[in-house]
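A.B. asks: My questions are about this predicted structure, shown below with the sequence.
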Amino acid sequence: MSTMARLMKLAFAAASVTGIVACAPVPVHADYSAFRHSDPHSILVVPVVNRSVDVDAPDYFLSTISKPLAERGYYVFPVNLTKRVMEDDGLGDADLVHANDPTVLGKMFGADSIMYITINRWDAQYAVLATSVTVDLSYALKSGTTGETLWTHKQTMVYSPQASTAGNPLAALIAAAITAAIAKAKPNYVPLAQQANAISVYKAGQGLPAGPYDGQYKSDGATF
């Protein structure tokens, strides 16, 4: 192949990449009209629906959700107390709670919005030299007075721990295998859940607008 042909081939490849980048989908900005109209001040987080194989996932997750919502400026009903009260009232099954009328819960607790969360994945996939820890969550906020959906979001976080050793390929392979085995035996999902919550709540154009106890309340319309 001549030099000119090679140059033309590279130019065509570059143009193709540029075309792909130019056609990349633009992030969708959420529709906040229903949210703004409802103007929620408080959030009731109900029991989490667990679609993963880890039976402890909902309890671990509940320990991560209150802080980001409160820091965003909302009053958050104590999640463990809420769960206990609902269990005492026969509402311990998360699937039934999610299928129930949000206005019933709104009246029961005096909450003007209800947060429904589903754990789609909470697992670690082991591949000898690498383990990928995945947390996949779906969020939905509904009005406690009308039942209308105010906000939805889906967030996936993946972590693949890497062991680093310098100068010895065999040592690097052994270290990688040990690191992967440890991650598989005792994966730490909580930091991933915390990151997923933070991104879901604060992401411009897709997260939650500032609540009434935040200094940006009703002044962040340019980004939300």
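C.D. replies: Arrived safely. Predicted model, so just to flag it, every value in this text is computed and none were measured.

A.B. asks: now the strands: where do they sit in this structure?
C.D. replies: Remark: strands of the chain, listed N- to C-terminal, are 42-45, 49-50, 75-76, 113-126, 131-143, 149-159; assignment by DSSP state E.

A.B. asks: List the neighbouring strands of the third one plus their orientation.
C.D. replies: The strands beside strand 75-76 in its sheet (DSSP bridges) come out as strand 42-45 (parallel).

A.B. asks: got a list of what residue 105 touches?
C.D. replies: Under the criterion of C-beta atoms under 8 Å, 6 or more residues apart in numbering, the neighbours of residue 105 are 44, 46, 97, 111, 114, 144. C-beta coordinates here come from the backbone N, C-alpha and C atoms, glycine included.

A.B. asks: got a list of what the fourth one touches?
C.D. replies: Contact analysis of residue 111 by C-beta under 8 Å, 6+ apart lists 42-44, 77, 105, 144.

A.B. asks: Dump those to TSV, plus distance to residue 200 and pLDDT.
C.D. replies: Putting the contacts of residue 111 into TSV (distance: C-beta to C-beta, whole Å; pLDDT from 0 to 100) gives the following:
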residue	distance to residue 200	pLDDT
42	18	98
43	13	98
44	17	98
77	19	98
105	21	96
144	20	97
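
A.B. asks: Now stretch 37-45: buried residues?
C.D. replies: By neighbour count with 16 or more other C-beta atoms under 10 Å, stretch 37-45 contains the buried residues 38, 40, 42-45.

A.B. asks: which outside residues touch it?
C.D. replies: Outside of stretch 37-45, the residues within contact range by C-beta under 8 Å, 6+ apart are 62, 65-66, 69, 74-77, 79, 82, 105-106, 109-115, 117, 141, 143-146, 148, 150, 211-212.

A.B. asks: State the distance from residue 71 to residue 86.
C.D. replies: The gap separating residue 71 from residue 86 is 25 Å, by C-beta to C-beta, to the nearest Å.

A.B. asks: Check residue 36 too.
C.D. replies: Distance of residue 36 to residue 86, given as C-beta to C-beta: 29 Å.

A.B. asks: Residue 114 contacts residue 47, doesn't it?
C.D. replies: No: the pair residue 114 / residue 47 is not scored as a contact, 11.3 Å apart, by C-beta atoms under 8 Å.

A.B. asks: Who has more neighbours out of those two?
C.D. replies: The residue with the greater number of neighbours, taking residue 114 and residue 47 and applying other C-beta atoms under 10 Å, is residue 114; the counts read 29 against 23.

A.B. asks: quick one: contacts for that one?
C.D. replies: Taking C-beta under 8 Å, 6+ apart as the definition of contact, the neighbours of residue 114 are 43-44, 46, 102, 105-106, 141-144.

A.B. asks: Compare residue 36 and residue 86 (neighbour count), which wins?
C.D. replies: Between residue 36 and residue 86, counted using other C-beta under 10 Å, residue 86 has the larger neighbour count: 20 against 13.

A.B. asks: In the protein, what helix or strand scores lowest on average pLDDT?
C.D. replies: One helix or strand of the chain scores below all others by mean pLDDT, DSSP states H and E: helix 3-22, with a mean of 38.

A.B. asks: quick one: low-confidence parts of the protein?
C.D. replies: Judged against pLDDT under 70, the low-scoring parts of the chain cover residues 1-27, 126-130, 161-187.
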